[in-house]
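**Q** using only what follows, build the 3D model:
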Amino acid sequence: MYELLIEDSFDAAHALRGYDGPCENLHGHTWKVQVFLHGKHLNKIGLLQDFKVLKKHLKEILDKFDHKFLNDIAPFNKENPSSENLAKVIFEEMKRKIRGVSKVTVWESTSSAASYF
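**A** Residues are numbered from 1 along each chain as shown. Reported below is the predicted structural model:
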């Protein structure tokens, strides 16, 4: 089994609705996003997937969030823009574009992350 990992980041603000604490207020993060792929078979030139293609798709997804207020962007206008929900949305969008996506991890700080798989 092979595993690939790509990573990118974006800056955005959010406010957690219903949270009892300071994160209920408007605040921002530099979010780091990691996308993992698994697969058993390499193509004829020995690649599971081209990193350039993976990074292009991830950048297209993250550009929708970069320097925005996440609470204004669907689906976060209805559900909380938590790290958990961000990981799920990014996973689902990447999975539609690339076969083999197995996990997405979203870091909101150097010591706090959530994954969806």
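**Q** quick one: residues contacting Leu48.
**A** Leu48 sits next to 2, 4, 37, 39, 41-42, 100 when contact means Cβ atoms under 8 Å, 6 or more residues apart in numbering. C-beta here means a position set from N, CA and C on the backbone, and glycine is covered the same way.
**Q** selection in ChimeraX covering whichever of those are buried, please.
**A** Those of these that count as buried under 16 or more other Cβ atoms under 10 Å are selected in ChimeraX with:
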select :4,37,39,100
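**Q** now, the contacts of Leu48 that are in strands?
**A** 2, 4, 37, 39 (DSSP state E).
**Q** among the residues you listed, which one lies nearest to Gly18?
**A** Nearest to Gly18 among those is Leu37, at 34.4 Å by Cβ to Cβ.
**Q** on that earlier part again, and of the ones in strands among the contacts of Leu48, the nearest to Leu70?
**A** For the ones in strands among the contacts of Leu48, the nearest to Leu70 is Leu37 (25.3 Å; Cβ to Cβ).
**Q** helix, strand or coil for the residue lying farthest from the centre of the chain?
**A** Distance from the C-alpha centroid of the chain peaks at Lys44, with 29.3 Å (Cα atoms, centre = their mean). State at Lys44, reduced to three classes by DSSP: H, G, I helix; E, B strand; the rest coil: coil.
**Q** show me what contacts it?
**A** Contacts of Lys44 (Cβ under 8 Å, 6+ apart): none.
**Q** over to it: give its phi and psi.
**A** For Lys44, the backbone dihedrals are phi -70, psi -20 (criterion: degrees, to the nearest 10).
**Q** so what pLDDT did it get?
**A** pLDDT recorded at Lys44 is 97.
**Q** what does whichever helix in the chain runs longest rub up against?
**A** The single longest helix within the chain, with elements called by DSSP state H, is helix 83-97. Residues outside helix 83-97 that contact it (Cβ under 8 Å, 6+ apart) are 31, 33, 35, 57-58, 61-62, 65, 70, 75-76, 79, 101, 103-108, 112-117.
**Q** restricted to helices, list the residues you listed.
**A** Those of the contacts of helix 83-97 lying in helices (DSSP H): 57-58, 61-62.
**Q** and the residues you listed, which is closest to Pro22?
**A** Leu62 (25.3 Å).
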